[in-house]
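Asker: structure here, sequence nowhere to be found:
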């Protein structure tokens, strides 16, 4: 099971912050496709979001395993 | 009477902060000469001090009148 | 540098407490950057803001900014606290404090920290106006990420 | 800008109080520069410092610095407090706070203020070491005044 976190407008559009994907392994690009399938309303936003695995930014090719925490991080606006 | 203020090492060398000059008018250059005459130990320091009249920096040619407050301001080191 | 120099909090930020974290016998200068909630942006009136964060990653990235500063200025001490939740006009959103032996470095490092926060720290601001609300993205407005993520050198 | 934004004091400086003087609904950024007493300078160990000032002129010159900043940044608010008397290592000697709508200006103005203090404000520092004491002059070390005073454009 991979835990995926959605933030800011992604969370709002999906209506939930946490999505659990029942799989042993999946790369970021496939996770993005999985989310788009489940939440078509994420379409515009998820393309500009930066993926992270276990709190570090990750590439589209990076593979998440069961127990990992994946996050999609929209353009940040702290400060 | 012109009131003259000495600060920092000028004050320490002269042994006093306030010098009163019993005169109606005197320009800064003459006040400097007056002080050097009275306190030869100011020699090195008073040359690098900036004169001020009534809390504004002033030129050597500027004239102070009775009631004015003249100050000699050594290189500053606030901050 | 301890992890608790880099904090995401829901409470009002005590500026002096952040400054005290970087006080040092060999510091001659402390620069503090305080980000506050501004009422007007491009003539539009903000009523209040909401900040959200991916808290553990945000604290990690703040700590990374501290390490980046120490790479350039080994004697620097850095502390950053960012508030999240609902903030009113003039409230303090972020406090950055950097101490260094000499003043020029404190300015440079503090400026670096706020720019870097706006690049890599997962914190989001939602503006609430009279006529709507919106999540604000990429305030730097200096670059876009065509690949959907910052390039390696940006992180 | 009221005169009491520019203060020479013998008391410990409350940083938050200085920052509060520049808080503003239209400020998005406050930059604070805090000058502290450093123990080591060029390997020499300071025991404590004494600051003295020509108080009324110093407050006037601090206010002038505020006006100079507002000439460049009309929306800026500025407050400066400088402590005098005997200060121990790590004590705060000066706090400068500048608020502006946008952050870059707050950094620029705060930096300007500290450099300007070291040029025109009649405050003097006496360093006390284990083996002696000395009034410190012209920390800028950028220029000398062959005429015995700064040129007109410096004041």
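Answerer: It's in. In this text, all values refer to a predicted model and were calculated from it rather than measured experimentally. Residues are numbered from 1 along each chain as shown, chains lettered A, B, ... in the order given.
Asker: for stretch A:31-44, measure first residue to last.
Answerer: Using C-alpha to C-alpha, to the nearest Å, one end of stretch A:31-44 lies 16 Å from the other.
Asker: now that stretch: buried residues?
Answerer: For stretch A:31-44, a neighbour-count test (16 or more other C-beta atoms under 10 Å in any protein chain shown) marks A:31, A:32, A:34, A:35, A:39, A:42 as buried. For glycine as for every other residue, the C-beta is placed from the backbone atoms N, C-alpha and C.
Asker: quick one: which helix or strand includes the first one?
Answerer: What that stands for is residue A:31. helix A:28-38 (DSSP states H and E).
Asker: ok, that helix near chain C or not?
Answerer: No. Helix A:28-38 does not reach chain C (C-beta under 8 Å from any C-beta of the partner chain); its nearest approach is 8.5 Å.
Asker: packing partners of the helix or strand following that helix?
Answerer: The helix or strand immediately downstream of helix A:28-38 is helix A:43-48, counting by DSSP H and E. Helices and strands touching helix A:43-48, by 3 or more C-beta pairs under 8 Å, 6 or more residues apart in numbering or on different chains; DSSP states H and E, are helix A:8-14, helix A:28-38.
Asker: does anything pack onto the last one? Which helices or strands?
Answerer: I take that to be helix A:28-38. Using 3+ C-beta pairs under 8 Å, 6+ apart: helix A:28-38 touches strand A:2-6, strand A:18-21, helix A:43-48, strand A:50-53, strand A:63-65, strand A:69-73.
Asker: of all those, which one comes closest to residue C:18?
Answerer: Checking the helices and strands packed on helix A:28-38 against residue C:18 by C-beta to C-beta gives strand A:69-73 as the closest, at 25.2 Å.
Asker: between the closest one and helix A:28-38, how many degrees?
Answerer: Angle of strand A:69-73 versus helix A:28-38, following axes from the mean of the first three to the mean of the last three C-alpha atoms, to 10 degrees, is 70 degrees.
Asker: so how far is strand A:69-73 from its chain's centroid?
Answerer: 4 Å (C-alpha atoms, centre = their mean, to the nearest Å).
Asker: one more: stretch A:21-31?
Answerer: For stretch A:21-31, the distance to the chain centre is 10 Å (C-alpha atoms, centre = their mean).
Asker: contact partners of it?
Answerer: A:1-2, A:4, A:34, A:51, A:53, A:58-66, A:70 (C-beta atoms under 8 Å, 6 or more residues apart in numbering or on different chains).
Asker: start and end of that stretch, how far apart?
Answerer: For stretch A:21-31, by C-alpha to C-alpha, the gap between its terminal residues amounts to 8 Å.
Asker: list the buried ones in that stretch?
Answerer: Residues of stretch A:21-31 classed as buried by neighbour count (16+ other C-beta under 10 Å): A:21, A:26, A:27, A:28, A:31.
Asker: same question for stretch A:56-76.
Answerer: A:57-58, A:62, A:64, A:68-76.
Asker: could you confirm whether the lowest-mean-pLDDT helix or strand in chain C reaches chain A?
Answerer: Lowest on mean pLDDT, DSSP states H and E among the helices and strands of chain C sits strand C:40-41, with a mean of 86. No. Strand C:40-41 does not reach chain A (C-beta under 8 Å from any C-beta); its nearest approach is 12.0 Å.
Asker: within the sheet, what are the partner strands of that strand, with directions?
Answerer: Counting by DSSP bridges, the strands paired with strand C:40-41 are strand C:44-53 (antiparallel).
Asker: may I see the buried residues of the next helix or strand after the partner strand?
Answerer: Sequence-wise, the next helix or strand downstream of strand C:44-53 (DSSP H and E) is helix C:55-72. Neighbour counts over helix C:55-72 (16+ other C-beta under 10 Å) mark C:55, C:57-66, C:68-69 as buried.
Asker: quick one: which of the residues you listed is nearest to chain A?
Answerer: residue C:57 (3.9 Å; C-beta to the nearest C-beta).
Asker: burial of the residue lying closest to the closest one once chain neighbours are set aside, as a residue count?
Answerer: Spatial nearest neighbour of residue C:57, excluding adjacent residues (C-beta to C-beta, 6 or more residues apart in numbering or on different chains): residue A:55 at 3.9 Å. Other residues lying near residue A:55 total 15 when counted by other C-beta atoms under 10 Å in any protein chain shown.
Asker: dump the residue contacts of residue C:130.
Answerer: Contacts of residue C:130 by C-beta under 8 Å, 6+ apart are C:45, C:47.
Asker: from residue D:95, how far off is it?
Answerer: According to C-beta to C-beta, to the nearest Å, residue C:130 stands 37 Å off from residue D:95.
Asker: what's the answer for residue C:28, then?
Answerer: 14 Å.
Asker: repeat that for residue C:96.
Answerer: The value you get for residue C:96 to residue D:95, if C-beta to C-beta is used, is 16 Å.
Asker: the two: who's more crowded?
Answerer: Neighbours per residue (other C-beta under 10 Å) separate residue C:96 from residue D:95, with residue C:96 holding more: 31 against 26.
Asker: mind checking the SS state of the closest residue to that one other than its chain neighbours?
Answerer: Among residues not flanking residue C:96 along the chain, residue C:33 sits closest, at 4.3 Å (C-beta to C-beta, 6+ apart). Under DSSP: H, G, I helix; E, B strand; the rest coil, the three-state class of residue C:33 is strand.
Asker: dump the residue contacts of residue C:117.
Answerer: For residue C:117, the contacting residues are A:76, A:78, A:79, C:62, C:65, C:80, C:82, C:94, C:96, C:123, by C-beta under 8 Å, 6+ apart.
Asker: quick one on the thing from earlier: how about CSV for the helices and strands packed on helix A:28-38, with mean pLDDT and distance to residue D:89 added?
Answerer: Shown next, in CSV, are the helices and strands packed on helix A:28-38 (pLDDT from 0 to 100; distance: least, C-beta to C-beta, whole Å):
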stretch, mean pLDDT, distance to residue D:89
strand A:2-6, 98, 46
strand A:18-21, 98, 50
helix A:43-48, 90, 50
strand A:50-53, 98, 43
strand A:63-65, 98, 51
strand A:69-73, 98, 43
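Asker: now these as TSV including distance to residue C:117?
Answerer: Formatted as TSV, the helices and strands packed on helix A:28-38 follow (distance: least, C-beta to C-beta, whole Å):
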stretch	distance to residue C:117
strand A:2-6	20
strand A:18-21	25
helix A:43-48	19
strand A:50-53	15
strand A:63-65	26
strand A:69-73	14
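Asker: residue in chain C nearest to chain B?
Answerer: Closest point on chain C to chain B, by C-beta to the nearest C-beta, is residue C:103, at 8.0 Å.
Asker: ok, now how distant is that residue from residue D:113?
Answerer: On the measure of C-beta to C-beta, residue C:103 and residue D:113 end up 11 Å apart.
Asker: what's the closest non-adjacent residue to the spatially most central residue of chain A?
Answerer: Chain A has residue A:72 as the residue nearest its centroid, 3.8 Å off, counting by C-alpha atoms, centre = their mean. Leaving aside its sequence neighbours, residue A:72 sits nearest to residue A:49 (C-beta to C-beta, 6+ apart; 4.1 Å).
Asker: ok, how many other residues are close to that neighbour?
Answerer: Close neighbours of residue A:49, defined as other C-beta under 10 Å, add up to 24.
Asker: perfect, that will be all.
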